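K.L.:
starting from these lines, generate the structure:
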Amino acid sequence: MQTPLPVGNYTLVVYDAGQDGGATAIPAAGKLAVWKGLVFGVYTPLPYVGLENAYVCATCSAAVGKLERMVGVVLVGIVGGVMVGFMWFGGVAGMF
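P.N.:
Residues are numbered from 1 along each chain as shown. This next block holds a predicted model:
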């Protein structure tokens with residue numbers, strides 16, 4: 001039995017094995033360039049937890065709470081009041 005990889009981050013290195021220099025070789029014409037663009041993690045697995053067993057998504061609910069609803073009403077009221085005030089002022093000043 002093989003020893004498993006330790007928990008951590010690893011980098012996948014792809015290179016042309018037939019080229020002198022291996023993973024540090026400078027690419028030549030017709031050869032494969034070295035690529036080190038994939039970093040992946042190895043971790044210790046945890047036991048499965050089903051969705052019906054205490055999984056709560058904090059950002060999944062589309063419902064608006066009481067505080068958010070009150071803030072929305074206040075903002076709509078302020079914007080409406082500003083618009084009515086500008087229209088009234090523009091009418092009195094002869095701008096409209």
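K.L.:
gap between the helix or strand hosting residue 11 and the chain center?
P.N.:
Following DSSP states H and E, one finds residue 11 within strand 8-14. How far strand 8-14 lies from its chain's middle: 22 Å, per C-alpha atoms, centre = their mean, to the nearest Å.
K.L.:
what's that strand in contact with?
P.N.:
23, 32, 34, 35, 36, 37, 38, 39, 40, 41, 42 (C-beta atoms under 8 Å, 6 or more residues apart in numbering). Where C-beta positions appear, they are placed from N, C-alpha and C, glycine not excepted.
K.L.:
please redo it, this time with the cut-off set to 7 Å
P.N.:
23, 34, 35, 36, 38, 39, 40, 41, 42 (C-beta atoms under 7 Å, 6 or more residues apart in numbering).
K.L.:
domain parsing of the chain, as residue ranges.
P.N.:
Following automatic domain parsing, the chain resolves into domains at 1-45, 63-96.
K.L.:
what mean pLDDT does the longest one get?
P.N.:
The pLDDT scores in domain 1-45 average 85.
K.L.:
on that earlier part again, with mean neighbour count and distance to residue 57 added, can I get the domains of the chain in a markdown table?
P.N.:
Putting the domains of the chain into a markdown table (neighbours: other C-beta atoms under 10 Å; distance: least, C-beta to C-beta, whole Å) gives the following:
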| stretch | mean neighbour count | distance to residue 57 |
| --- | --- | --- |
| domain 1-45 | 10 | 22 |
| domain 63-96 | 10 | 12 |
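K.L.:
got those as JSON lines, with distance to residue 56 columns?
P.N.:
Putting the domains of the chain into JSON lines (distance: least, C-beta to C-beta, whole Å) gives the following:
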{"stretch": "domain 1-45", "distance to residue 56": "22"}
{"stretch": "domain 63-96", "distance to residue 56": "14"}
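K.L.:
related to what we said a few turns ago, tilt between the helix or strand following the strand holding residue 11 and strand 8-14?
P.N.:
Remark: after strand 8-14, the chain's next helix or strand is strand 35-42, criterion DSSP H and E. When axes from the mean of the first three to the mean of the last three C-alpha atoms, to 10 degrees is applied, the directions of strand 35-42 and strand 8-14 differ by 150 degrees.
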